[in-house]
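Chemist: kindly return the folded structure for what I paste below:
(2 chains)
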Amino acid sequence: MTTTAAKAYAWRYYTLAAALVVLCALLVGRAALLQVIDTERGHAFLQRQGDMRAVRNISVPATRGVITDRNGDVLAMSTPVESIWLNPRHFETTDKAVSVLAELAGESERDFRRRVQRNSQQSFMYVARQINPERAQRVIAHRFQGVHSETEYKRFYPAADVVSQVIGFTDINDSGQEAIELAYDSVLAGSAGKKQVIKDLNGNVIREIAEIEAPKQGSDVQLALDLRLQYVAQRELAAAVAKFGAKAGSVVLIDVNTGELLAMANQPSFNPNNRSKMKIDYVRNRALTDMFEPGSTIKPLSMVAALRSGKYTPKTVVDTHPGYLRVERKVFPDPVNYGVLNVTKILAKSSQVGMSKVALDIGNEPIRRVLLDLGFGQSTYSGFPGESSGSFPIYDREPTGIETATMSFGYGFAVTPVQLASAYATLASGGIKRPVSLLKVDADIVEGERVIEEQVAKQVVNMLREVIKQGGTGTKAATELYGVAGKTGTAHKVGPGGYADSRYMALFAGLAPVDNPRIAAVVVIDEPGGDNYHGGQVAAPVFSRVVNDSLRILNVRPSNLLAENAVGGLAYAH
Amino acid sequence: MKYRVQWLLLVLVVMSAVGVEYMAHQSRAMFGDLQRLLREEEDLRADWGRLHLEMSTWGAHARIEKLARDRLVMDVPGMENIEVISQ
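Modeler: Next comes the predicted model:
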């Protein structure tokens, strides 16, 4: 019974065995189809799909270069900060996560939930940008679903409002927006690299596979600026602008031997680290972008033309009687009748009548020549964004007497503070014009181009000593330690419908130490209020303090030394 | 001995396979090290930057001047207090 029964049911056994074999073959066949035989949706396709989900090229950010002053003091530097972002598709809105992240983002939990809700169809949303790395680390340590951090760089400006208009700033993506940051953006920026990594489903990097492209770190930029002098200039300028209720102001300091811009201070200023109170007007580097009629500060340059003509020496006398001069339809007055003055005294007293008489005598062209040679009306090619070239008239006819006279005392054309400082640096160097430089120059002396005869330049500098002395207009420019030379200027500002009656620019341009000039400086105070508006009262004291402190910082030997100050000077001199 | 050359080649192939695997492993390990060192460099750079900024903040001219004048009651020497020593 059993054997017959076994025989009768043998088919069951074979059927089962066959079924198992077929199933097995199907599995092996499917596996082969997927992994060995290359079909349309075979292994190559699947491999690619897998890689697309896991292997990623991520960018490796490059650090932006550092901006330093001439001594290596840091003016701008990028440091890493973290930005926290989340993927709303993966994010689980647990109470804990919402409370932590809302606090980080600085918004209420309700607002935060709403923001996540609004972005629920997106896969990227910033929670908070540019936060302290330690704080970011604490948030990441909670391991909330779909929350990630990303390293970014934030620019810091340790000198804050002292150099803000020269350095400029970067935007939130660390690319330059203004000034040096903008002009040298490509040098500073470097370029990001790329590397291949494997990410898990939540987007966390689990393994780094290979570097595809190394990041190129940004290069550093070293400016000609000396932060110590810049600080002194900014401090004195801010004090003067506040004291006289002025609208704005600039101070420029140029190294006579190299043409380097040692300081460029501007008021009002702003703190680039916190730009919430910044007005667009504060960002401008007035020293390079703003132009004004230079007024009497041009007289010494017109005198260059007079001495050159051979008709005048510093002692030639001019009669300024009766204290005004009629030229064509205009009358140019002096404040009082100075009577007979020599040419040196014309500068010391800043006599408009005397200067006009000299100018009308020598003619327009020689003065024009000097001013053009000194670079007025042309860009200094400093490479600063938005630099102004000033303006200078081109005549298509014989210039009138009025035009010649006004040009000789600084009207009818406009200059920038840096152009004016560069012109005085040329005078100070004995007539050699050197290109102004924003970047540090690796030389003690730069070969320039001679534009004024040495003897003439020296004579004019000597004449400018008289401006500072008793009876001159610039006595307040005198410094305690050093002999200086310079010229005051008080220029009328142009308002609607001609020159405004009560709006002035107070100016002082000069050089020091007078015997062996190292620096040329220009002080511009825009619209000082009240009764004190003359260059000699407003701008000259700023010049005095800035120059005195700057030369002391630069270790220049005081030239006003009294005999008893020099200990053993003569005995040991050799 | 038949197949002598073949046996030799087989051994060489196996050795080369092991070598390739070993090198691949080495390269992965070294890439890992490289990444770790780069991260370390990045951290050090960040520290250096922070310290530099700290130094600049504490050493800001305005702050030094204020401290010198107010707390230490210092002043810039005037003409009468300056002596120049020539060699």
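
Chemist: okay, buried residues for stretch A:65-74 please.
Modeler: A:65-70, A:73-74 (16 or more other CB atoms under 10 Å in any protein chain shown). (Each C-beta comes from the backbone N, C-alpha and C, glycine too.)

Chemist: ditto for stretch A:429-446
Modeler: By neighbour count with 16+ other CB under 10 Å, stretch A:429-446 contains the buried residues A:429-441, A:446.

Chemist: again, but for stretch A:124-132
Modeler: By neighbour count, and taking 16+ other CB under 10 Å as the criterion, the buried residues in stretch A:124-132 are A:125, A:127-128, A:131.

Chemist: would you list the residues you listed in TSV and tack on secondary structure?
Modeler: Conversion of those to TSV gives the following (DSSP: H, G, I helix; E, B strand; the rest coil):
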residue	secondary structure
A:Met125	strand
A:Val127	strand
A:Ala128	strand
A:Ile131	strand
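
Chemist: list just the nearest of those to chain B.
Modeler: A:Ile131 (13.9 Å; CB to the nearest CB).

Chemist: any idea how far that closest one is from A:Leu101?
Modeler: The spacing between A:Ile131 and A:Leu101, counted by CB to CB, to the nearest Å, is 12 Å.

Chemist: which residues do those two both contact?
Modeler: Residues touching both A:Ile131 and A:Leu101 by CB atoms under 8 Å, 6 or more residues apart in numbering or on different chains: A:Ile84.

Chemist: list the contacts for whatever residue of chain B ends up closest to chain A?
Modeler: Of chain B, the residue with the smallest distance to chain A, taken as CB to the nearest CB, is B:Ser56 at 3.1 Å. If you count contacts by CB under 8 Å, 6+ apart, B:Ser56 has them with A:73-74, A:158-159.

Chemist: recalculate using a threshold of 7 Å.
Modeler: The contact partners of B:Ser56, by CB atoms under 7 Å, 6 or more residues apart in numbering or on different chains, come to A:74, A:158.

Chemist: tell me which helix or strand comes right after the helix or strand encompassing it.
Modeler: Assigning secondary structure by DSSP states H and E places B:Ser56 in helix B:4-58. Past helix B:4-58, heading to the C-terminal end, the next element that is a helix or strand (DSSP H and E) is helix B:61-66.

Chemist: what sits up against that following helix?
Modeler: Contacts of helix B:61-66 from elsewhere in the structure, counted by CB under 7 Å, 6+ apart, are A:228, A:231.

Chemist: okay, buried residues for that helix please.
Modeler: Residues B:His61 are the ones in helix B:61-66 that count as buried (16+ other CB under 10 Å).

Chemist: do stretch A:200-220 as well
Modeler: By neighbour count with 16+ other CB under 10 Å, stretch A:200-220 contains the buried residues A:208, A:211, A:215, A:218, A:220.

Chemist: stretch A:358-377 now?
Modeler: Neighbour-count burial for stretch A:358-377 flags A:358-360, A:362, A:364, A:366-368, A:370-371, A:373-377 (criterion: 16+ other CB under 10 Å).

Chemist: returning to that earlier point: okay if I get the buried residues of stretch A:65-74 as CSV plus pLDDT?
Modeler: Supplementary listing: these in CSV, determined by pLDDT from 0 to 100:
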residue, pLDDT
A:Gly65, 89
A:Val66, 90
A:Ile67, 92
A:Thr68, 91
A:Asp69, 91
A:Arg70, 92
A:Asp73, 87
A:Val74, 88
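
Chemist: quick check: the farthest pair among those residues?
Modeler: The widest separation within the buried residues of stretch A:65-74, taken as CB to CB, falls between A:Gly65 and A:Arg70 and amounts to 16.2 Å.

Chemist: quick one: neighbours of the closest residue to A:Pro435 other than its chain neighbours, just the number.
Modeler: Beyond its immediate neighbours in the sequence, the residue positioned closest to A:Pro435 (CB to CB, 6 or more residues apart in numbering or on different chains) is A:Gly259, lying 5.4 Å away. Residue neighbour count, defined by other CB atoms under 10 Å in any protein chain shown, stands at 24 for A:Gly259.

Chemist: now the residue in the stretch 201-350 of chain A that chain B sits nearest to. Nearest residue, chain neighbours left out?
Modeler: Among residues of the stretch 201-350 of chain A, the one nearest chain B by CB to the nearest CB turns out to be A:Tyr231. It sits 4.0 Å away. Nearest in space to A:Tyr231, with sequence neighbours left out and distances taken as CB to CB, 6+ apart, is B:His61 at 4.0 Å.

Chemist: any regions of chain B where pLDDT drops low?
Modeler: Residues of chain B that meet the criterion pLDDT under 70 lie in B:1, B:87.

Chemist: quick one: A:Pro366 is in a strand?
Modeler: No - with three-state DSSP as the criterion, A:Pro366 is located in helix rather than a strand.

Chemist: once you drop chain neighbours, what's closest to it?
Modeler: In this structure, A:Pro366 finds its nearest non-sequential neighbour in A:Ala305, 4.0 Å apart by CB to CB, 6+ apart.

Chemist: and for A:Asp69?
Modeler: Distance criterion CB to CB, 6+ apart; nearest residue to A:Asp69, sequence neighbours excluded, is A:Leu227 at 4.3 Å.

Chemist: and for B:Met79?
Modeler: Computed as CB to CB, 6+ apart, the closest residue to B:Met79 that is not its neighbour in sequence is A:Glu480, at 5.3 Å.

Chemist: what of A:Gly377?
Modeler: A:Phe392 (2.8 Å).

Chemist: ok, A:Ala512 next?
Modeler: If you skip the residues right next to it in sequence, A:Ala512 has A:Val484 as its closest partner in space, 4.1 Å away by CB to CB, 6+ apart.

Chemist: domain ranges for chain A?
Modeler: As assigned by automatic domain parsing, chain A contains the domains A:58-222, A:227-271+A:282-556.

Chemist: nearest to B:Ala24 among these would be which one?
Modeler: With CB to CB as the criterion, B:Ala24 lies closest to domain A:58-222 of these, at 11.9 Å.
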